[in-house]
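Asker: No letters, just coordinates:
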């Protein structure tokens, strides 16, 4: 184990994977220790973390703990935001905030605003979201640096428990061509987010030349099955998935999941 | 339960979800019963299906069982396909097949061909794939009608076991803006693929107006964690996820996950 990258056992045919929901009662306030809250919640559920577990946390509780909330009353939308919002029955303050949090507009059409956020994520409304905050008074922004948020949580868990736990911070994004949202990893610590098969051979000896799996996104999706919009379950433990460990400071992270604009056929 | 739509219990805070890999030894041949092979494999692993389980199957074994394979030697690529393949170091026969399986080209740039398949899926090379087939002699196509493939498997499982099991047929697709492939549901039977929260309220009373989750895709991703490219595990059972049942003939299916081109901002 130790630091650096430890080889995992491949996608094993044997072991099962378990997704263990971590329900948290009560709100998480700015400045609170998310780590302490999650550990207390896990304890009260009789859940014990194990070395190699993956903790997936919905970004909203991270944003709340980090105080990444904006009072909508304090936003003065531009005339353009007001006109856009009026036309499509939206909240002009949220539209304004979404523009402020963006570094580029990817599409703006029929009331849908797809932006590239300051982090480089491409999503609706720059991830600005009013649901599951406080009933409409505040909007939650994405964490300023979700990889750093994930790293901090990983380090705190290691300090408290003495074991290595990978951490994924997730949000729900829409996609082109397909209906419905799925979870994606916007912050990753302690594991490699991509699993690269290139150069390896299938059981027939055929070389796999185009196969890189976004395992952190698949883990986020698996977590999305228990971390609901309505269930008060902002986190879960995924157990039994053998990942490549990555604990070097400044390596890996969810930014590896972001395709550079120059390689992207749809920007 | 019976037919029609039975309400599930929501995304429960309590129960855990388990992902149980179903390893299958040996190849699956055209005309073989996939159901019989999977049941035998599960039995040999000591796995017993339960009512409400979800069986996720990688599309390639479905294609093989249905004989959706093409001998590459019999493909005569056009001059355009040959030139394109030469330029980017690709197999011209695969490029030709990908075009034949498409109904529209979405992007063709830098050696990457993104098409809309005859089913309506938008993916690379119309889903034509040479890996995990027979070392390069044949290419696997997507099943002709993956919803029908899923339905057939569901009905056969019900006949053999007397219980309701939802079935998802999955493939790995790339996405714009993000690196790496993730699994998507290309065939669904026995469950609703989308979970619609619109009109429901979060714990703060805020009405969720934009929230539809692509749960079948999230289940496919969860399955992707155990159904590997290299592991000989073409299927798994997902247990503990409460879904909305959908057993009316002709309802639901993965086609609900396809965004109609007229609503799509990226076609």
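Answerer: Cool, the structure landed. Here the structure is a predicted model, which is why all the values come from computation and not from measurement.
Asker: Check which strands are paired with the host helix or strand of residue A:70 and give the direction for each one.
Answerer: Residue A:70 is located in strand A:69-71, with elements delineated by DSSP states H and E. Strand A:69-71 pairs in its sheet with strand A:138-140 (antiparallel), by DSSP bridges.
Asker: Could I get the buried residue list for the next helix or strand after the partner strand?
Answerer: Counting by DSSP H and E, the element after strand A:138-140 in chain order, helix or strand, is helix A:146-161. Of all the residues in helix A:146-161, those buried under the rule 16 or more other Cβ atoms under 10 Å in any protein chain shown are A:146, A:147, A:149, A:150, A:151, A:152, A:153, A:154, A:155, A:156, A:157, A:161. The way it works is simple: take the backbone N, C-alpha and C, and place the C-beta from them, glycine included.
Asker: gap between the two ends of stretch A:195-211?
Answerer: For stretch A:195-211, the first-to-last residue distance is 8 Å (Cα to Cα, to the nearest Å).
Asker: Please apply the same query to stretch A:226-233.
Answerer: 7 Å.
Asker: average model confidence for it?
Answerer: Averaged across stretch A:226-233, the pLDDT comes to 81.
Asker: With stretch A:109-128 instead?
Answerer: pLDDT averaged over stretch A:109-128 gives 96.
Asker: got the contact list for that stretch?
Answerer: Residues from elsewhere that reach stretch A:109-128, judged by Cβ atoms under 8 Å, 6 or more residues apart in numbering or on different chains: A:59, A:84, A:87-90, A:94-95, A:97-108, A:139-142, A:145-146, A:171, A:173-174, A:186, A:255, A:258, A:261, A:267, B:176-177, B:210, B:265.
Asker: What subset of those residues is buried?
Answerer: Members of the contacts of stretch A:109-128 classed as buried by 16+ other Cβ under 10 Å are A:59, A:84, A:90, A:94-95, A:97-99, A:101-102, A:106-107, A:139-142, A:145-146, A:171, A:173-174, A:186, A:255, A:258, A:267, B:176-177.
Asker: And the furthest pair within the buried residues of helix A:146-161?
Answerer: A:146 and A:161 (22.0 Å; Cβ to Cβ).
Asker: if I pick residue A:16, what's in contact with it?
Answerer: A:240, B:18, B:19, B:20, B:21, B:226.
Asker: Of those residues, which is the nearest to residue B:251?
Answerer: Distances from residue B:251 to the contacts of residue A:16, taken by Cβ to Cβ, are shortest for residue B:19, at 26.5 Å.
Asker: Report all helices and strands that the helix or strand harbouring the closest one contacts.
Answerer: Assigned by DSSP H and E, residue B:19 belongs to strand B:17-22. Under the contact criterion of 3 or more Cβ pairs under 8 Å, 6 or more residues apart in numbering or on different chains; DSSP states H and E, strand B:17-22 touches strand A:17-22, helix B:34-44, helix B:215-224, strand B:235-239.
Asker: Of these, which stretch is the most buried?
Answerer: Counting by mean count of other Cβ atoms under 10 Å in any protein chain shown, helix B:215-224 has the highest mean neighbour count of the helices and strands packed on strand B:17-22, with a mean of 30.
Asker: Which residue ranges of chain A form helices?
Answerer: Along chain A, the segments classed as helices by DSSP state H run A:34-44, A:59-65, A:79-88, A:92-100, A:146-161, A:215-224.
Asker: tell me what the longest strand along chain A is packed against?
Answerer: Assignment by DSSP state E gives strand A:182-191 as the longest strand of chain A. When contacts are defined as 3+ Cβ pairs under 8 Å, 6+ apart, strand A:182-191 packs onto helix A:59-65, helix A:146-161, strand A:166-173, helix A:215-224, strand A:245-246, helix B:215-224.
Asker: Can you lay out the ones you listed as TSV showing distance to residue A:76?
Answerer: Below are those laid out as TSV (distance: least, Cβ to Cβ, whole Å):
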stretch	distance to residue A:76
helix A:59-65	22
helix A:146-161	28
strand A:166-173	27
helix A:215-224	35
strand A:245-246	43
helix B:215-224	38
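Asker: Identify the residue nearest the geometric centre of chain A.
Answerer: When chain A is reduced to its mean C-alpha position, the nearest residue by Cα atoms, centre = their mean turns out to be residue A:170, at 1.9 Å.
Asker: Identify the bridge partners of it.
Answerer: Residue A:170 has these beta-bridge partners by DSSP bridges: residue A:58, residue A:185.
Asker: where does it sit relative to residue A:197, distance-wise?
Answerer: 24 Å (Cβ to Cβ, to the nearest Å).
Asker: Kindly give the local confidence score, pLDDT, for the residue in the stretch 51-200 of chain A that chain B sits nearest to.
Answerer: Here the stretch 51-200 of chain A gets closest to chain B at one residue, residue A:180, 2.9 Å apart by Cβ to the nearest Cβ. pLDDT recorded at residue A:180 is 96.
Asker: And it, how far from residue A:234?
Answerer: 20 Å.
Asker: which one of those two has more residues nearby?
Answerer: Using other Cβ atoms under 10 Å in any protein chain shown as the criterion, residue A:180 and residue A:234 rank with residue A:234 on top: 26 against 22.
Asker: so where's the stretch 51-200 of chain A uncertain?
Answerer: The stretch 51-200 of chain A contains no residues with pLDDT under 70.
Asker: Spell out which parts of it neighbour chain B.
Answerer: Residues of the stretch 51-200 of chain A lying close to chain B (Cβ under 8 Å from any Cβ of the partner chain) are A:107, A:109-110, A:112, A:114, A:121-122, A:124, A:130-136, A:172, A:175-184, A:193-195, A:197, A:200.
Asker: buried subset of those?
Answerer: Counted by 16+ other Cβ under 10 Å, these give A:107, A:114, A:121-122, A:124, A:130-134, A:172, A:175-184, A:193-195, A:197 as buried.
Asker: Mind checking which of these land in strands?
Answerer: Using DSSP E, those in strands are A:107, A:114, A:122, A:124, A:172, A:182, A:183, A:184, A:195.
Asker: which pair in the residues you listed spans the largest distance?
Answerer: Top of the distance list for those (Cβ to Cβ): A:107 and A:195, 30.2 Å.
Asker: burial count for residue A:30?
Answerer: Using other Cβ under 10 Å, residue A:30 has 11 other residues around it.
Asker: need the contact list for it.
Answerer: Contacts of residue A:30 by Cβ under 8 Å, 6+ apart are A:64, A:65, A:66, A:67, A:69.
Asker: Pick out whichever of these sits closest to residue B:53.
Answerer: Distances from residue B:53 to the contacts of residue A:30, taken by Cβ to Cβ, are shortest for residue A:64, at 35.7 Å.
Asker: And for the closest one, nearest residue in space, chain neighbours not counted?
Answerer: With sequence-adjacent residues excluded and distances taken as Cβ to Cβ, 6 or more residues apart in numbering or on different chains, residue A:64 is closest to residue A:28, at 4.7 Å.
Asker: Can you tell me how far the one you found is from residue A:72?
Answerer: From residue A:28 to residue A:72 the distance is 20 Å (Cβ to Cβ).
Asker: repeat for residue A:15
Answerer: For residue A:15, the distance to residue A:72 - Cβ to Cβ - is 47 Å.
Asker: Show me which of the two is the more surrounded one.
Answerer: residue A:72 (19 against 16).
Asker: Give me the neighbour count for the residue nearest to the more buried one when sequence neighbours are not counted.
Answerer: Closest residue to residue A:72 apart from its sequence neighbours, by Cβ to Cβ, 6+ apart: residue A:93 at 4.6 Å. Using other Cβ under 10 Å, residue A:93 has 22 neighbouring residues.
Asker: So residue A:93 sits against residue A:71, correct?
Answerer: No. In this structure residue A:93 lies outside contact range of residue A:71 using Cβ atoms under 8 Å: 9.5 Å.
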